[in-house]
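Enquirer: take this sequence and fold it.
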Amino acid sequence: MAFLVQLFLLLVVMAGLALSRAMIGVWIAVIGATLLGLWWLAGIPVAWLILLTGVFVVAAVMFAIEPLRRQWISRPIYRYFRRVAPSMRQTEQEALDSGDVWLDRDIFQGRIGWRAFYLLALPQISAEEHIFLS
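Expert: Predicted structure coming up:
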């Protein structure tokens with residue numbers, strides 16, 4: 001049971017790194033320190049420590065070295081999603097070609113620039129449009 005709590009702690013640390021969009025060097029340092037801390041403070045069995053450290057070292061090397069990451073991680077994932085994703089429809093291509101992503105990009109990135117949003121001038125309708133809507 002204690003091991004599951006420790007594994008959960010490691011997953012929480014990884015989630016925090018992902019949410020903060022930490023760079024790969026920070027990931028390697030923090031996860032390495034967490035593994036050492038779990039071993040030292042919580043007394044992870046040596047066999048589990050060796051297994052977790054081995055997985056960590058392999059993952060760290062794969063993610064830290066860009067050519068390895070591209071060849072063994074990014075390309076297979078990209079190929080898989082290109083194969084299973086539906087082809088782009090004409091309307092989707094037109095939407096992509098139409099120009100700017102404006103506020104949508106900020107919303108999907110989770111960084112909404114509210115100040116710029118509030119400073120936008122609202123469009124005005126013509127008198128004819130107003131009569132039509134009334």
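
Enquirer: near Leu35, how many other residues are there?
Expert: 19 (other C-beta atoms under 10 Å). Glycine gets a C-beta too; all of them are placed from N, C-alpha and C.

Enquirer: hang on, it packs against Val55?
Expert: No: with contact defined as C-beta atoms under 8 Å, Leu35 and Val55 do not form a contacting pair (9.8 Å).

Enquirer: next, the buried residues of the helix or strand of the chain with the lowest mean pLDDT.
Expert: When each helix and strand of the chain is scored by mean pLDDT, DSSP states H and E, helix 102-109 comes last, with a mean of 77. Residues of helix 102-109 classed as buried by neighbour count (16 or more other C-beta atoms under 10 Å): none.

Enquirer: flag the shaky bits of this protein, pLDDT-wise.
Expert: For the chain, the stretches with pLDDT under 70 are 1, 3, 42-44, 99.

Enquirer: element containing the most centrally placed residue in it, please.
Expert: Residue closest to the average C-alpha location in the chain (C-alpha atoms, centre = their mean): Ala18, at 6.3 Å. Using DSSP states H and E, Ala18 falls within helix 2-19.

Enquirer: so which elements touch that helix?
Expert: Where contact means 3 or more C-beta pairs under 8 Å, 6 or more residues apart in numbering; DSSP states H and E, helix 2-19 is packed against helix 24-37.

Enquirer: good, wrapping up.
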